[in-house]
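Undergrad: Sequence first, predicted model second:
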Amino acid sequence: MASVAEVKAAIETALLHVEDGQGAVRAASDRLDEARQSLALVVDGSAHDAVHAAQAALAQASTELQDCLHATLNAVESARGYAATL
Amino acid sequence: MSLLTEVTDRIRALHADLPLAQAYRAGERLRMAGDRLGYVLDTARGDPATAGLAASLAHLERAATALCRARDELDRYLAGIGTAGAGAGAGAGGVPSAVPVPATEPVPETPADGTPGWWLARVGRLTRQPGAVPGGTGDRVADSAYLLHATVTRALAGQRTRLYRELAAAEPVAGLGLTALVPPVVDRLATELLGHRPAPGDLPALRTATRSHLRVLLPGLEPAAVEQLLARYCRVRVAGAAPHPVDRAVAGAVVVAGLLYALRRTPAEVEPPAPAPRAPVPATPPGQPSRRGDRRSAAARA
């Protein structure tokens, strides 16, 4: 039979995984920013459509990573709020 | 170095540095968190955050897809300006998922040909391929030297699916035997690449030379296992658990491919020696042709 303490412990464990995941998302986002800046310098002056497509894809990846991070923040807030009601 | 070569090298470096590994790691952690919260949901009949985590995983999946698309576009650009592709993404076999195979993935049952399920499950997980023998063949590789050449050939060509097939079609003992064959080859190739035998300070260089191949061909390989493996080649100890034996064996072959790629060499560097003449085995039917000759297992030939 589950206890409230067990549920809270499970939530805390899950939040530790979320924090780890957030760290990886931030690291990915930082590296992506560096990659975008470096690419902008290297291909400055290029009109090749592949360059524009690559830059657009990297921009989308950056946006998705930020949205991912926001979603995890909302999830953490929800989980903490739920735990507080137990 | 020409200006064009410099541009090409910088784009290749960018290509290799795109943060897919971090995306994989994030996906793995968020999935674990979701699984844990799913347990809470079932236990407490509440829904604190699973929807939020599901949304975050969906964003992460789209981010990984966009990164792969960017990588492909960079390859296309390099091809368009007349230089070789960056290699890491070529023929990689589709867009890898940002969401890793669950840790609780069931081990496939042992197929009819006798290949152990644990071997298929592990190589399937490493390569993100289904854990089953393609085609259900019973003709399996029993020679580690042959398997090293075959896997390096596939890895060098960026053929993840075919790499999986080579591994899945091998006897597990031959696969694990890669662990003994790979270190001297890595030592020789790394010495050529670095100009001296690999030392602790060469870990970043070795990481750079092999990162793309490991990431693309073995998307299920833990970054920590990569670090452990490369550190061993550089004669340095790092904290953490030793890699799984199958991971160590398979990743070693991919490291060889990465070094060959960096040196612009071919798989001929790891060509297996010709088998020594030996007396015929009575149990083997005479005249039975085999593409891989007596490097196949006796059980498979029988």
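TA: Good, I have the coordinates. From a predicted model like this one, the values you see are computed outputs, not experimental measurements.

Undergrad: For the residue in the stretch 201-302 of chain B positioned nearest to chain A, which non-adjacent residue is closest in space?
TA: The stretch 201-302 of chain B approaches chain A most closely through B:Pro223 (9.6 Å), counting by CB to the nearest CB. No exception for glycine: its C-beta is placed from N, CA and C like everyone else's. Nearest residue to B:Pro223, sequence neighbours excluded (CB to CB, 6 or more residues apart in numbering or on different chains): B:Ala21, at 5.5 Å.

Undergrad: which helix in chain A runs the most residues?
TA: In chain A, assigned by DSSP state H, the helix with the most residues is helix A:4-42.

Undergrad: May I have the secondary structure class of A:Ser46?
TA: Of the three states, A:Ser46 takes coil under DSSP: H, G, I helix; E, B strand; the rest coil.

Undergrad: residue contacts, the closest residue to it other than its chain neighbours?
TA: Distances taken as CB to CB, 6+ apart place B:Tyr77 nearest to A:Ser46, at 7.9 Å, with adjacent residues excluded. Going by CB atoms under 8 Å, 6 or more residues apart in numbering or on different chains, B:Tyr77 touches A:43, A:46, A:48, A:50-51, A:54, B:11.

Undergrad: need the next SSE after the lowest-mean-pLDDT helix or strand in chain A, C-terminal direction.
TA: Here the helix or strand of chain A ranked lowest by mean pLDDT, DSSP states H and E is helix A:4-42, holding a mean of 88. Using DSSP states H and E, the helix or strand that follows helix A:4-42 in sequence is helix A:49-85.

Undergrad: hmm, that next one touching chain B?
TA: Yes. Contact of helix A:49-85 with chain B (CB under 8 Å from any CB of the partner chain) involves A:50-51, A:53-55, A:57-58, A:60-62, A:64-65, A:67-69, A:71-72, A:74-79, A:81-83.

Undergrad: Please check the residues you listed and keep the buried ones.
TA: Buried members of the residues of helix A:49-85 next to chain B, counted by 16 or more other CB atoms under 10 Å in any protein chain shown: A:50-51, A:53-55, A:57-58, A:60-62, A:64-65, A:67-69, A:71-72, A:74-76, A:78-79, A:82-83.

Undergrad: B:Arg265 - how many residues pack around it?
TA: 16 (other CB atoms under 10 Å in any protein chain shown).

Undergrad: How confident is the prediction for A:Ala71, by pLDDT?
TA: Note for A:Ala71: predicted pLDDT of 92.

Undergrad: following the stretch of helix or strand B:Val216 belongs to, which helix or strand shows up next?
TA: Per DSSP H and E: B:Val216 is located in helix B:203-217. Once the chain leaves helix B:203-217, the next helix or strand it forms, by DSSP H and E, is helix B:223-233.

Undergrad: For stretch B:192-205, report the contacting residues that lie outside it.
TA: By CB under 8 Å, 6+ apart, the residues outside stretch B:192-205 that reach it are B:186-187, B:190-191, B:206, B:209, B:230-231, B:233-236, B:259, B:262-263.

Undergrad: mean confidence score for it?
TA: Here the average pLDDT along stretch B:192-205 is 91.

Undergrad: Could you check that stretch and say which residues are buried?
TA: Buried residues in stretch B:192-205, counted by 16+ other CB under 10 Å: B:193-194, B:198, B:202-203, B:205.

Undergrad: What is the end-to-end distance of it?
TA: This stretch, stretch B:192-205, spans 13 Å end to end (CA to CA, to the nearest Å).

Undergrad: Work out the gap between it and the centre of the chain.
TA: 22 Å (CA atoms, centre = their mean, to the nearest Å).

Undergrad: now stretch A:17-35
TA: In this view, stretch A:17-35 has its centroid 6 Å away from the chain centroid, taken as CA atoms, centre = their mean.

Undergrad: now check that stretch, is it near chain B?
TA: Yes. Under the criterion of CB under 8 Å from any CB, stretch A:17-35 makes contact with chain B via A:17-18, A:20-22, A:24-25, A:27-29, A:31-32, A:34-35.

Undergrad: Turn those residues into JSON lines, columns for neighbour count.
TA: JSON lines is the format used below for these (neighbours: other CB atoms under 10 Å in any protein chain shown):
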{"residue": "A:His17", "neighbour count": "20"}
{"residue": "A:Val18", "neighbour count": "27"}
{"residue": "A:Asp20", "neighbour count": "17"}
{"residue": "A:Gly21", "neighbour count": "28"}
{"residue": "A:Gln22", "neighbour count": "21"}
{"residue": "A:Ala24", "neighbour count": "23"}
{"residue": "A:Val25", "neighbour count": "29"}
{"residue": "A:Ala27", "neighbour count": "16"}
{"residue": "A:Ala28", "neighbour count": "29"}
{"residue": "A:Ser29", "neighbour count": "22"}
{"residue": "A:Arg31", "neighbour count": "16"}
{"residue": "A:Leu32", "neighbour count": "24"}
{"residue": "A:Glu34", "neighbour count": "13"}
{"residue": "A:Ala35", "neighbour count": "22"}
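
Undergrad: Quick check: which ranges of chain B have low pLDDT?
TA: B:1, B:39-48, B:84-117, B:131-139, B:273-302 (pLDDT under 70).

Undergrad: which helix in it runs the most residues?
TA: Longest helix in chain B, counting residues (DSSP H): helix B:50-80.

Undergrad: got the phi/psi numbers for B:Pro198?
TA: Phi and psi for B:Pro198, reported as degrees, to the nearest 10, are phi -60, psi 130.

Undergrad: burial count for the residue of the stretch 201-302 of chain B closest to chain A?
TA: Using other CB under 10 Å: B:Pro223 sits among 15 other residues.

Undergrad: All the strands of the stretch 1-150 of chain B, in order from the start?
TA: With DSSP state E, counting those that start in this stretch, there are no strands along the stretch 1-150 of chain B.

Undergrad: can you tell me which residues contact the spatially most central residue of chain B?
TA: For chain B, the residue nearest the mean C-alpha position is B:Leu218 (3.0 Å; CA atoms, centre = their mean). Counting by CB under 8 Å, 6+ apart, B:Leu218 makes contact with B:126-127, B:250-251, B:254.

Undergrad: No more questions from me, cheers.
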